[in-house]
Every structure is written in structure tokens, then in C-alpha cells.
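> let me see the structure of the following:
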Amino acid sequence: MEELENETGKNLQRIGRIEVLTKYKEFSSFNIIQVEAGTTGFKGGDSGHGCRTYFKIEDMESTDMRCRVISSNGKVYDFSEVCGASQIEIMFGGDAELETFIGALEFAADTLRKQAEYGDTNADIKELKKELNDDVAKMDRLRAKEMAWRIAFFLFAGISAVELLYMYCNRLF
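Numbering: from 1, shown residues only. So this is what the prediction gives:
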């Protein structure tokens, strides 16, 4: 990967009413991307205190880039299917968000470096699937045991089976 020295610079982005000084740089291989990032820095609290963080990655040439946004209710918006993603911007407000985003980017960079060097194998994927299946089975057993204890408690407390069924169907316990 080559860093293009002449393609670095500064910019000013606005997040709401707050301006953020950003820096950008291009990186090239058989594609070219530009990354732009900046923050106002820690401001002593949540978004209301004024901390803003900006991050953008942009396809400058020949980049296979896709983007999905998943809402809190699980709905998936796949923008790569609609229009193709040419740039993705992420903006945060608050000190905690800045701190966790830095940690997330460091983790992502470390993970990508290790996997780029060593790759993953089908054995790694099979092992992970087995672990996930084992975890799901363990959670199912724990839920069944917890449900049995709840039923025993309610029956001991004198609640009838019909009342118990009503409570279960209405998620009251």
C-alpha cells in the first residue's frame, strides 16, 4: 500500500452547529481510498458539552466498497444494493463516544493486520461455529432450567396452571 504524500490535507466539517477540523489522506494499491478524520477533542461530558468526532472513508478509484445501516429494530438498509457506496461518513457526539471509537478503530486495525498476515482457515470458521452452537445450546439449557424454577415457584405460591399459562403468554414472567 502506498501513501500519497501530495494527497494529504486539512478540511473543516460541520456536525450540527459545531465545526470540526479534520485531516485527510489518500492510500493506494490497485484502488485508491481517502480517509478523513477529526474531532473537537474531549469537552467534559456527553454530546451536549460539544465533543464531536468525524470519520469518512471515500472511494477515489476502483474500490469495492459496500455499506449497510442496521436500525435499532433490526431493519437492514443495504445502500450498496441501491446506489453503490462511494463514501461513508460516521459522526459521534460526546467524550465517551470519542474514547470508544478510538478503541474500536485500534481493535479493528489490529484484527485486520493479524488476519491479513495469517488469514483464516476453514478450520477456524468451523471451530467458531461449533463454539457458537455450544453457547446457544448452553443458553437454551439455562433458559429451560430458569423456566422450570419459575414454574415451580409460581405453583408453590398457589398460582393455577391456567394463570401460569396466561402469565407466560403475556410475558409477565
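
> mind listing what's buried in stretch 116-123?
Buried positions in stretch 116-123, judged by neighbour count with 16 or more other CB atoms under 10 Å: none. (Glycine included, C-beta is placed from N, CA and C.)

> can you give me the mean pLDDT across it?
The pLDDT scores in stretch 116-123 average 75.

> stretch 35-47 too?
Stretch 35-47 carries an average pLDDT of 95.

> just so I have it, where are all the helices in the chain?
Using DSSP state H, the helices found in the chain span residues 79-82, 95-118, 122-156, 161-169.

> mind checking which of the ones you listed is nearest residue 14?
Of all the helices of the chain, it is helix 95-118 that lies closest to residue 14, at 17.3 Å by CB to CB.

> got the contact list for the closest one?
39, 41-47, 49, 51, 53, 55, 92 (CB atoms under 8 Å, 6 or more residues apart in numbering).

> what's the nearest residue to residue 78 if we skip its chain neighbours?
Distance criterion CB to CB, 6 or more residues apart in numbering; nearest residue to residue 78, sequence neighbours excluded, is residue 68 at 5.0 Å.

> repeat for residue 12
Closest residue to residue 12 apart from its sequence neighbours, by CB to CB, 6+ apart: residue 19 at 5.6 Å.

> need the helices of the chain in a markdown table with distance to residue 62, can you?
As requested, those are arranged in a markdown table below (distance: least, CB to CB, whole Å):
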| stretch | distance to residue 62 |
| --- | --- |
| helix 79-82 | 15 |
| helix 95-118 | 19 |
| helix 122-156 | 29 |
| helix 161-169 | 56 |
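
> so which of these is nearest residue 34?
With CB to CB as the measure, helix 95-118 is the member of those nearest residue 34 (16.2 Å).

> flag every buried residue along that closest one.
95, 97-98, 101.

> for those, give me a markdown table that also has distance to residue 114.
Formatted as a markdown table, those follow (distance: CB to CB, whole Å):
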| residue | distance to residue 114 |
| --- | --- |
| 95 | 29 |
| 97 | 26 |
| 98 | 25 |
| 101 | 21 |
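
> what is the nearest of those to residue 146?
The closest of those to residue 146 turns out to be residue 97 (CB to CB; 34.7 Å).
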